[in-house]
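> fold the stuff below for me.
(one chain, ligands or ions: 1)
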Amino acid sequence: MTTDVKTISFARGAPSLDLIPVEELKQSADRAFTNDPAGAFGYGTAVGYQPLREWIADQHDVDVDRVIVTNGSLHACALMFDRLVAPSDKIAIELPLYDRSLLMLRQRGADLIGFPLQEDGFDLDALEAELNGGLKPKFVYTIPHFHNPGGCTMPLEKRQRLVALANEYDFLIVEDDPYRDVSFEGEPLPTMLSMDPSGERVFYMCSFTKTVCPGLRVGYAIASTAITKDMVIAGTNTYISPGQASEAILNDYVRSGKLEGSITTIRNALRERRDALTASLTEFLPQSKFVVPAGGYFLWVDLGEGVNTDEIAAKAAEAGVPVTKGSDFMIEGGTTSLRMSFSSATPEDIREGVERLAGIVNG
Ligand SMILES: Cc1ncc(COP(=O)(O)O)c(C=O)c1O
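The predicted structure is shown next:
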């Protein structure tokens, strides 16, 4: 890549610096460190910073014993998978799927049963047919809001149906939901967690990465009391406690009513960036097919037969327009697709970046 070409990234999904509430977080840090220096600078325990843990429990209306606050939600996911996945366990997943979850499931020796992602999320007809045929999954792992990488969302009826299937066929649901609040059109849908009064059927993960910033590294899991207790023991034995200072800052931030403001900023900016990306794809790559995401950070674009997105992604990185190749999100195939994040660049840069990308695809 020549040095005078500006990099326009479509690779990573995180708020760009202009969307991060730096000044307000500085004020929160100041207050948190002044009001609770012992809590912010001490070790703490593996449950996380207790006031933030309580705030999270309140938000989801669950018993606080079910919540563990972790160093980002991927950390929660690893702790949870360590408890739930034994080698050869059957785990039902959507494909394409967030590459890091896919990798973590494979590393634990799961027998992955993939279901093609539909425009409205998990293919429940196919799942039900397999369940009727004798499939006994340990759990279904799903990203119901603004899927990574698919961009799609599972509607309310499908959520209710998945919970009903889980109850009928006795499997767990692992609901990975970091994008829930980043909705462009109206309020987000209810979680499947909220449809499980037993507290034993749906395990949930969420994060502040996509609504505040990734650098604080704060996420959480809500599981059954027993599994949460086990995750806490594992946490104590490996890292003692998550970053208390980060969690104290975030606790002040959310309790002083700032979270809504940062969610609004991110929603508005990402809606504009999504619009720029979809318009630019239509203009420069009219052969591309995609679901228009109603929220979140990603769009999954299919470029049609005859392309190899492994090669395109390598060339795009060279040309300063990094994208993520589709094969990263699949067990096999994916070489006609790309994941494009619309979180990093301004609308003007997005247009320029897609034009550059189109030069490579059509080149
Ligand atoms: C579905 C999903 N889960 C978890 C994560 C990890 O988020 P965190 O930064 O909280 O670890 C991501 C990040 O992209 C994600 O897309």
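> separation between Leu74 and the ligand?
Applying C-beta to the nearest ligand atom, to the nearest Å, the value for Leu74 to the ligand is 3 Å. For every residue, glycine as well, the C-beta is placed using N, CA and C.
> repeat for Ala314
22 Å.
> where does that residue fall, phi/psi-wise?
Dihedral pair for Ala314: phi -60, psi -40, per degrees, to the nearest 10.
> so what's it scoring on pLDDT?
Confidence at Ala314, expressed as pLDDT, is 97.
> not counting sequence-adjacent ones, nearest residue to the residue nearest in space to the middle of the chain?
In the chain, the residue lying closest to the centroid (C-alpha atoms, centre = their mean) is Pro178, at 4.3 Å. Computed as C-beta to C-beta, 6 or more residues apart in numbering, the closest residue to Pro178 that is not its neighbour in sequence is Ser207, at 4.0 Å.
> for that neighbour, what are its contacts?
Applying C-beta atoms under 8 Å, 6 or more residues apart in numbering to Ser207 gives the contacts Gly72, Ser73, Pro178, Val218, Gly219, Tyr220.
> how close does the last one sit to Ile233?
Read that as Tyr220. Separation of Tyr220 from Ile233 (C-beta to C-beta, to the nearest Å): 17 Å.
> close to the ligand: what parts of the protein are there?
Selection of the chain residues close to the ligand by C-beta under 6 Å from any ligand atom yields 13, 72-74, 98, 143, 148, 176, 178, 207, 209, 214, 219.
> was I right to think Val47 contacts Arg66?
No. Look at Val47 against Arg66 with C-beta atoms under 8 Å: they stay out of range, at 10.6 Å.
> contacts for the one helix or strand Ala358 maps to next, please.
Taking DSSP states H and E as the criterion, Ala358 maps to helix 347-362. Residues outside helix 347-362 that contact it (C-beta under 8 Å, 6+ apart): 6, 8, 10, 272-273, 275-277, 279-281, 283-285, 303, 307, 312, 315-316, 319-321, 323, 342, 345.
> try stretch 115-132
92-97, 113, 140, 142, 144, 147, 150, 152-155, 158, 161-162, 165, 169, 291.
> just the CA atoms of that stretch, as PDB, please.
Provided in PDB are the C-alpha atoms of stretch 115-132 (Å, rounded to 0.1, in the frame of the first residue of the first chain):
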ATOM      1  CA  PHE A 115     -28.100 -23.800  10.400                       C
ATOM      2  CA  PRO A 116     -28.000 -21.300   7.600                       C
ATOM      3  CA  LEU A 117     -28.800 -17.800   8.900                       C
ATOM      4  CA  GLN A 118     -32.100 -16.500   7.400                       C
ATOM      5  CA  GLU A 119     -33.000 -12.900   6.800                       C
ATOM      6  CA  ASP A 120     -34.800 -13.000  10.200                       C
ATOM      7  CA  GLY A 121     -32.200 -15.000  12.100                       C
ATOM      8  CA  PHE A 122     -32.100 -18.600  13.200                       C
ATOM      9  CA  ASP A 123     -33.800 -21.100  10.900                       C
ATOM     10  CA  LEU A 124     -36.300 -22.600  13.400                       C
ATOM     11  CA  ASP A 125     -38.100 -24.800  10.900                       C
ATOM     12  CA  ALA A 126     -34.900 -26.500  10.100                       C
ATOM     13  CA  LEU A 127     -34.000 -26.700  13.800                       C
ATOM     14  CA  GLU A 128     -37.400 -28.200  14.700                       C
ATOM     15  CA  ALA A 129     -37.100 -30.800  11.900                       C
ATOM     16  CA  GLU A 130     -33.700 -31.900  13.300                       C
ATOM     17  CA  LEU A 131     -35.100 -32.000  16.900                       C
ATOM     18  CA  ASN A 132     -38.000 -34.100  15.700                       C
END
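> buried residues of it, list them for me.
Buried positions in stretch 115-132, judged by neighbour count with 16 or more other C-beta atoms under 10 Å: Phe115, Leu117, Gln118, Gly121, Phe122, Asp123, Leu124, Leu127, Glu128, Glu130, Leu131.
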